[in-house]
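One predicted model, sequence on top.
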Amino acid sequence: MSARSRAALAPRPRPASRAVRASGLVVLAGVAGLLGSCGGTPQNTVLLSFFEAPVVTPLVPVAGQNYVINFGLFNADEQDSVISNVQYTVSRNNVIIVSSTVPLLTSHVPISINITDNEQSGIYSYVLTIDPNHLVPQISTTLDTEVFQVKVLPLTVM
């Protein structure tokens with residue numbers, strides 16, 4: 001008999017029985033259930049964010065020309081929820097230029113916001129912030145801020 005044949009016939013260690021594995025899962029599921037229900041309050045599933053990247057129109061404005069910044073606010077709650085009075089701010093070069101409130105933000109329904117600006121030539125940093133005072137309980141606040149720049153070209157006369 002070859003070494004390969006002997007190896008094929010040799011007894012192999014058996015995995016734990018299905019009953020043992022299943023009971024282990026039940027214990028783990030029970031512990032997870034206890035951990036999830038500590039405090040007796042339901043888990044928060046609200047996650048506010050921006051819906052896609054902000055869009056500037058025209059893409060490259062010139063000095064003195066109005067340009068529109070469009071962005072969307074989004075409630076990515078896993079459950080159906082409606083959040084009222086969600087504040088947002090828009091800052092340009094560390095100065096708040098818009099502070100407003102969305103009356104209702106329903107989960108999975110983006111709200112489109114447009115603001116108009118007009119600047120001289122230069123590069124301007126914008127910061128959009130949802131719920132700047134953290135009044136809405138969320139599972140994470142990492143998506144509450146969007147940062148981008150707008151380059152305004154000098155006006156050239158020919």
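Everything's here; your move.

Show the low-confidence segments of this protein, by residue range.
Where the chain drops to pLDDT under 70, the residues are 1-43, 157-158.

Which residue, other than its chain neighbours, is closest to residue 97?
residue 90 (5.6 Å; CB to CB, 6 or more residues apart in numbering). Yep, even glycine has a C-beta here, placed from its N, CA and C like the rest.

whoops, residue 50 was the one
Of all residues not flanking residue 50 in the chain, residue 146 sits nearest, at 4.7 Å (CB to CB, 6+ apart).

which residues touch whichever strand or helix holds that neighbour?
For residue 146, the host element (DSSP states H and E) is strand 145-152. Outside strand 145-152, the residues that touch it by CB atoms under 8 Å, 6 or more residues apart in numbering are 50, 53-54, 56, 60-63, 65, 67, 69, 71, 117, 119-130.

Following element in sequence after the strand or helix carrying residue 73, please.
Using DSSP H and E, residue 73 maps to strand 67-75. Next helix or strand after strand 67-75 toward the C-terminus (DSSP H and E): strand 82-92.

for stretch 143-155, which positions count as buried?
By 16 or more other CB atoms under 10 Å, the buried positions in stretch 143-155 come out as 144, 146, 150, 152.

again with stretch 97-106
Neighbour-count burial for stretch 97-106 flags 102, 105 (criterion: 16+ other CB under 10 Å).

returning to that earlier point: in its sheet, what does the strand holding residue 146 sit against?
Partners of strand 145-152 in the sheet, by DSSP bridges, are strand 122-130 (antiparallel).

tell me the angle the host helix or strand of residue 50 makes with strand 122-130.
Assignment of secondary structure by DSSP H and E places residue 50 within strand 48-57. When axes from the mean of the first three to the mean of the last three CA atoms, to 10 degrees is applied, the directions of strand 48-57 and strand 122-130 differ by 150 degrees.
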